[in-house]
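Asker: return a 3D structure for these sequence lines:
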Amino acid sequence: MGGIAEFRTVVLDCPDPLNLAEFYSGLLGWPVTSVEPDWVVISDGGAPKRLAFQLAPDYQPPLWPSTDRPQQFHLDVTVTDLDEAERQVIKIGAVKHDHQPSEDDSFRVFLDPAGHPFCLCRDL
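Answerer: This is a model prediction of the structure:
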C-alpha cells in the first residue's frame, strides 16, 4: 500500500553545515552533492539516501541521555568491525560518548562534530 508521500532527506541542524557534511561524507562514503552557505547535502545518488545539513546559528547540541536537551533523533549505521570503525570515526572527528548502554557490545554511541549522537552497530 502506498503512502501519502515518498521519503526524501534527513536534515540535521548544526552550526557549520559544510564541516558536518564532510564528517558524514567520510563516515558513509557519500560525496557532497550540493553546497550553499546554509545548506549542504551528501548523497549516494538521490532520494531516499540523502543527508542534508542546515545552518542553525543558535544550535545547541543534545545532552543525551539527559532530558534537558534530548537527542530527538539519532542515526544507526552498520559496520563489520566495531573496533576498527571506532578508530576510524574518531580519526575523522567523532567522540565516543561516556554513556554506552549496550551490555553485549552490539553497538557503540558516538557524537558527531556538532554533538548529535549516532551509533555504530555490529553487522550480525
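
Asker: check which helices and strands the longest helix anywhere in the chain sits against.
Answerer: As assigned by DSSP state H, the longest helix anywhere in the chain is helix 17-28. If you count contacts as 3 or more CB pairs under 8 Å, 6 or more residues apart in numbering; DSSP states H and E, helix 17-28 packs onto strand 32-36, strand 39-46, strand 49-55. (Each C-beta comes from the backbone N, C-alpha and C, glycine too.)

Asker: which residues does that helix contact?
Answerer: Contact partners of helix 17-28, identified using CB atoms under 8 Å, 6 or more residues apart in numbering, comprise 12, 14, 30-32, 35, 38-42, 44, 51, 53-55, 77, 89, 92-94, 112-114.

Asker: now do residue 1, the pLDDT please.
Answerer: With respect to pLDDT, residue 1 has a value of 65.

Asker: so which elements touch the least confident helix or strand in the chain by mean pLDDT?
Answerer: Taking mean pLDDT, DSSP states H and E as the measure, the chain has strand 39-46 as its least confident helix or strand, at a mean of 90. Judged by 3+ CB pairs under 8 Å, 6+ apart, strand 39-46 is in contact with helix 17-28, strand 32-36, strand 49-55.
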